[in-house]
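any chance you could fold what I've pasted below:
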Amino acid sequence: MKVAVVDYGMGNLHSVLKSVQAAQSLSGKTAEIYLTDRPEDVSAADKIIFPGQGAMPDCMAALRKSGLGEAVADGLENKPFFGICVGAQLLFEHSEEGDTAGLGRFKGRVKRFLPNQTDAQGNRLKVPHMGWNTVRQTRPHPLFKDIAPNSRFYFVHSYYFAPEDPDVVLGTSEYPHEFACIVGKDNVFATQFHTEKSHDAGLLLLRNFLDWNGG
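Numbers count the residues shown, from 1 in each chain. Okay, here's the model as predicted:
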């Protein structure tokens, strides 16, 4: 099994790669896991992980310039695909960040958190949303195996996705209002939070992805 971690020139790439390699030791699966910026290597992979960090306009521009965009889009059609943070946001049709078109795998938009919001105690909430937050699983999925309900994951983001189809929402969090933070359908699974920064729960998600056939 070949697992490609897509290197589009930005993001927490080596940390993601190390996390996937650590998850492999939990899985027991034999896999060749590699970081690549070559479209042909992405096309040759059995599974694709697209990590994300930075701005969505820069990410989409890098995909176009490198030629990776077509290989990633092809993989979205029929290979197990895991998108992380901006790698999840780009699956939607449009982002308010830089008025940027995404890949359109899911209908919906990526929106910016409103400024000057407060929590239940009246404390002002900063943007970006940064730190640990509880994630509620909204429907069963194979990637949730051994992950307790209401586990906490690590977030760093100023924008969040707003899917049009509620059936693609697999998990939600709150800041201060509820927002989708895990989406998926068929062979695609994506998280707004960073699995590579989410300790045991993040490793379990990646382990379950390595074990998943995409169905």
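
could I get the helix or strand bottoming out on mean pLDDT in the chain in CSV with only the CA atoms?
Least confident helix or strand of the chain, by mean pLDDT, DSSP states H and E, is helix 56-66 with a mean of 89. C-alpha atoms of helix 56-66 as CSV (Å, rounded to 0.1, in the frame of the first residue of the first chain):
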residue,chain,number,x,y,z
MET,A,56,-6.3,29.0,0.9
PRO,A,57,-5.4,31.4,-2.0
ASP,A,58,-1.8,30.4,-1.7
CYS,A,59,-2.6,26.8,-1.5
MET,A,60,-4.8,26.8,-4.6
ALA,A,61,-2.2,28.8,-6.5
ALA,A,62,0.5,26.3,-5.5
LEU,A,63,-1.7,23.4,-6.7
ARG,A,64,-2.1,25.0,-10.1
LYS,A,65,1.5,26.0,-10.5
SER,A,66,2.9,22.6,-9.5
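
which residues of the chain fall in helices?
With helices called from DSSP state H, the chain shows them at 13-27, 39-44, 56-66, 68-78, 86-89, 199-211.

ok now the fifth one, how far from the chain's centre?
Put plainly, it is helix 86-89. 5 Å (CA atoms, centre = their mean, to the nearest Å).

just to revisit the earlier point, quick one: closest of the helices of the chain to Val183.
Nearest of those to Val183, taken as CB to CB: helix 86-89 at 6.8 Å. In short, each C-beta sits where N, CA and C put it, glycine included.

quick one: mean pLDDT over the closest one.
For helix 86-89, the mean pLDDT works out to 94.

and that helix, C-alpha only, in PDB?
Taking Å, rounded to 0.1, in the frame of the first residue of the first chain, the C-alpha atoms of helix 86-89 are listed here in PDB:
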ATOM      1  CA  VAL A  86      -6.800  24.000   4.600                       C
ATOM      2  CA  GLY A  87      -6.700  20.500   3.000                       C
ATOM      3  CA  ALA A  88     -10.300  20.200   4.100                       C
ATOM      4  CA  GLN A  89     -11.400  23.700   3.200                       C
END
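
tell me which strands and helices that helix is in contact with?
helix 56-66, strand 159-163, strand 188-191 (3 or more CB pairs under 8 Å, 6 or more residues apart in numbering; DSSP states H and E).

re the thing from before, the least confident helix or strand of the chain vs helix 68-78, what angle?
Here helix 56-66 runs at an angle of 100 degrees relative to helix 68-78 (axes from the mean of the first three to the mean of the last three CA atoms, to 10 degrees).

pLDDT on stretch 201-215, on average?
95.

report the buried residues of that stretch.
Within stretch 201-215, the residues scored as buried using 16 or more other CB atoms under 10 Å are Ala201, Gly202, Leu203, Leu204, Leu205, Leu206, Arg207, Asn208, Phe209, Leu210, Asp211, Trp212.

same question for stretch 21-36.
Buried-residue list, stretch 21-36, by 16+ other CB under 10 Å: Ala23, Gln24, Leu26, Ser27, Ala31, Ile33, Tyr34, Leu35, Thr36.
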